[in-house]
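Engineer: Let's see this in three dimensions:
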Amino acid sequence: MRKLVEWTFVSLDGVVDSQEWARPYLDAEHHRFARALLDEADSLLLGRKTYEGLADFWPRQSGEIADRINSRPKYVASRTLAPGEAEWNATVLDGEVAEVVARLKTESGGNILKFGTGELDRTLLEHGLVDEFYFSKVPVAVGRGERLFEGVEATLELLETTAFASGIVVLKYAPKT
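Structural biologist: Below is the predicted model of the structure:
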């Protein structure tokens, strides 16, 4: 069974949207970490907003990370995009998202890596579908914005921490059962 792994950047004050504030901290050390997570995944799961943001950026990029992101099949959860409407090696999920993701997890293959947080997270958490979380905690306080797990109650178990010279600390968690 495949694992659904979520990875997102989080400010010190818990903000997860508009992650431009993370860019100055993304050094070679974090690049190696990102490459390793991508190498364990053979597909990506994205909400519509994350899909649109990434699709606007990554196809114009090159290099090891871009090559991995651009080449992976992408599954997009959306109520506004129709099946067949997505580009960039992407498929819009058709049907109830929790059921479709549960079915994807039963297929053979590598991890399914999910970027971003938001409404899709709430659905996935409610149905117990996320197996691991990687939070790249960035040493900045943003002050306002969408918060991690806004409107969701979750109890997580810390599995591992990885600190980088840039000040980013990656916290690996699993839902506590």
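Engineer: packing partners for the worst-scoring helix or strand of the chain on mean pLDDT?
Structural biologist: When each helix and strand of the chain is scored by mean pLDDT, DSSP states H and E, helix 119-126 comes last, with a mean of 87. Applying 3 or more CB pairs under 8 Å, 6 or more residues apart in numbering; DSSP states H and E, we find helix 119-126 packed against strand 4-11, strand 41-47, helix 97-106. C-beta: built from backbone N, CA, C; applies to glycine.
Engineer: what about the protein, any weak spots by pLDDT?
Structural biologist: Along the chain, no part satisfies pLDDT under 70.
Engineer: Contact partners for the residue nearest the centre of it?
Structural biologist: Nearest to the mean C-alpha position of the chain, by CA atoms, centre = their mean, lies Phe115 at 1.7 Å. Applying CB atoms under 8 Å, 6 or more residues apart in numbering, we find Phe115 in contact with 6-8, 44-46, 50, 54.
Engineer: Quick check: it vs Gly143, distance?
Structural biologist: 23 Å (CB to CB, to the nearest Å).
Engineer: burial measure for Leu4, as a count.
Structural biologist: 21 (other CB atoms under 10 Å).
Engineer: Good, we can wrap up now.
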